[in-house]
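> One predicted model, sequence on top.
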There are 2 protein chains.
Amino acid sequence: MAPEPTPLRRPRADQARQVADILRQQIHAGTFTSALPQEGALAAEFDVSRNTIRDALALLKDEGLIDRAPKVGTHVAQRKYDHGLDALLGLKETLRGHGDVRNEVRTAILVTPPPAVARRLQLDPGEQAVYIERLRYLGDLPLSLDLTYLVPDIGAEILERDLETNDVFALIEQISGGPLGSADLALEAITADAHSAATLQMPEGAALLLLERLTKLDDGRPVDLEYIRMRGDRITMRGSLTRQPDPNSWELT
Amino acid sequence: MAPEPTPLRRPRADQARQVADILRQQIHAGTFTSALPQEGALAAEFDVSRNTIRDALALLKDEGLIDRAPKVGTHVAQRKYDHGLDALLGLKETLRGHGDVRNEVRTAILVTPPPAVARRLQLDPGEQAVYIERLRYLGDLPLSLDLTYLVPDIGAEILERDLETNDVFALIEQISGGPLGSADLALEAITADAHSAATLQMPEGAALLLLERLTKLDDGRPVDLEYIRMRGDRITMRGSLTRQPDPNSWELT
């Protein structure tokens, strides 16, 4: 079937989105050391009007990626950091080389977890767990707000350790005496409510990556259930996937 | 180091966030077939005040996950669909069993791609590419807006195929005669600009998952560069990760 005929002139908003997506990728890749090219040069490169370039840059400004001002031009406002989807790493391990990760410990207590949490950690009804809440910084930048439930045997020992400068993963491995096994992840995009936004020092309504992660020891025992809010303007999740065709998909071919 | 003493009463907003995260997971897991338990029952289950439960439910309502009304109670507003982070699958393959994926083809044309796109697809300067823009529905629900650049040899043939009911992945495999290899992914959370929101029939400012995906044939040749905006209230990315300790992390132990 031949495609529908395409109008010669596509809506400017569609073209601006298309340009913005490519510029966003170039900003993340470090293509622009600081200033972006002038509007005229970008218009030529993308073969669109200067108005389309202005609309594309407005989209990126609204995302907090660039600053624009008359005479000063367009500059990269802040770089994003890559968090991995290929291996299970804590934030401090992930950002090694970018600076020091510091954790503000907001809560670190023994709790009786809600039944839904107890089931995921395979705890008996009424059995206690450790609950830790940390605001995590890279230098002075708040990156994420982490809510962590730990099984009581490992959690009680973690309460005695230095939570301000260590990843919980590293502490679990020190205490359990072996490497972690694997984790189940669920990743969502949500907007920041007023209180989460204030805590993470971001605008209310800005986008967050919400990661729910259940981490298991090498023997498959779940020990660590986390709810991690990452600033959307600071973190990109990166990884690679391999094609594993579902056998069903070949039925009809 | 012992943890800082924790105040006996934590701020209600912190407790509400904690409750909301667990309820969100239960909603996704299908724990509540339709109605959520009454506020009093939830307050007992989570060992918090009814006001905290109300605040938690308000957060989930703002995310579009639940509806609340006097006398009617609290109901799950819409379910989210899981998209995989473990294997490389197209949307139609992913949602098999949930309903028919239908694509509204907004654009399908030959273009001279911007240099940044040409480089990623390993095209010569000035070489043409195929550009396809599709709004993808599950039944009547818009799920994602996909911007796709294809290398010209495969892309030209894809323009002749039925783009309304097929995944691009399936078409590439039919045309190239073999399975795809792997893909590099970057996943971000952004808010929807006015025009993208209108296209995806979602509120302006609501959260989007933005997936940039460069897909390669089995021989490593990149053929397909996509920018995919998924509705944050409709899609959860799920997968599992294995611990692969960085050798450097053992230096200090």
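Thanks, I have the structure now.
> quick one: the strands in chain A?
Remark: strands assigned in chain A by DSSP state E are A:66-69, A:73-76, A:81-84, A:101-111, A:129-138, A:141-150, A:180-191, A:207-217, A:222-231, A:235-242.
> Is the fifth one positioned near chain B?
Yes. Interface with chain B: strand A:129-138 contributes A:131, A:133 (C-beta under 8 Å from any C-beta of the partner chain). The way it works is simple: take the backbone N, C-alpha and C, and place the C-beta from them, glycine included.
> Report the inter-axis angle for that strand versus strand A:141-150.
170 degrees (axes from the mean of the first three to the mean of the last three C-alpha atoms, to 10 degrees).
> Just checking: what are the partner strands of strand A:129-138?
strand A:101-111 (antiparallel), strand A:141-150 (antiparallel) (DSSP bridges).
> Turn the strands of chain A into TSV, columns for distance to A:Q25.
Below are these laid out as TSV (distance: least, C-beta to C-beta, whole Å):
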stretch	distance to A:Q25
strand A:66-69	13
strand A:73-76	13
strand A:81-84	13
strand A:101-111	26
strand A:129-138	22
strand A:141-150	21
strand A:180-191	18
strand A:207-217	17
strand A:222-231	19
strand A:235-242	10
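> can you list these in JSON lines and add mean neighbour count, mean pLDDT and distance to A:I53?
Formatted as JSON lines, the strands of chain A follow (neighbours: other C-beta atoms under 10 Å in any protein chain shown; pLDDT from 0 to 100; distance: least, C-beta to C-beta, whole Å):
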{"stretch": "strand A:66-69", "mean neighbour count": "15", "mean pLDDT": "92", "distance to A:I53": "11"}
{"stretch": "strand A:73-76", "mean neighbour count": "18", "mean pLDDT": "93", "distance to A:I53": "10"}
{"stretch": "strand A:81-84", "mean neighbour count": "18", "mean pLDDT": "90", "distance to A:I53": "27"}
{"stretch": "strand A:101-111", "mean neighbour count": "18", "mean pLDDT": "96", "distance to A:I53": "37"}
{"stretch": "strand A:129-138", "mean neighbour count": "21", "mean pLDDT": "97", "distance to A:I53": "32"}
{"stretch": "strand A:141-150", "mean neighbour count": "22", "mean pLDDT": "96", "distance to A:I53": "29"}
{"stretch": "strand A:180-191", "mean neighbour count": "21", "mean pLDDT": "95", "distance to A:I53": "27"}
{"stretch": "strand A:207-217", "mean neighbour count": "23", "mean pLDDT": "97", "distance to A:I53": "24"}
{"stretch": "strand A:222-231", "mean neighbour count": "23", "mean pLDDT": "98", "distance to A:I53": "27"}
{"stretch": "strand A:235-242", "mean neighbour count": "19", "mean pLDDT": "92", "distance to A:I53": "23"}
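> now do the same end-to-end measure for stretch A:93-105.
Start and end residues of stretch A:93-105 are separated by 19 Å (C-alpha to C-alpha, to the nearest Å).
> From the chain's centroid, how far away is the longest helix belonging to chain A?
Counting by DSSP state H, the longest helix found in chain A is helix A:12-28. The chain centre lies 20 Å from the centre of helix A:12-28; the measure is C-alpha atoms, centre = their mean, to the nearest Å.
> same question, stretch A:142-154
16 Å.
> Equivalent analysis for stretch A:162-174, please.
20 Å.
> Name the residues of that stretch that are buried.
Within stretch A:162-174, the residues that count as buried by 16 or more other C-beta atoms under 10 Å in any protein chain shown are A:163, A:166-173.
> ok, that stretch near chain B or not?
Yes. Counting by C-beta under 8 Å from any C-beta, contacts between stretch A:162-174 and chain B involve A:162-164, A:169-170, A:174.
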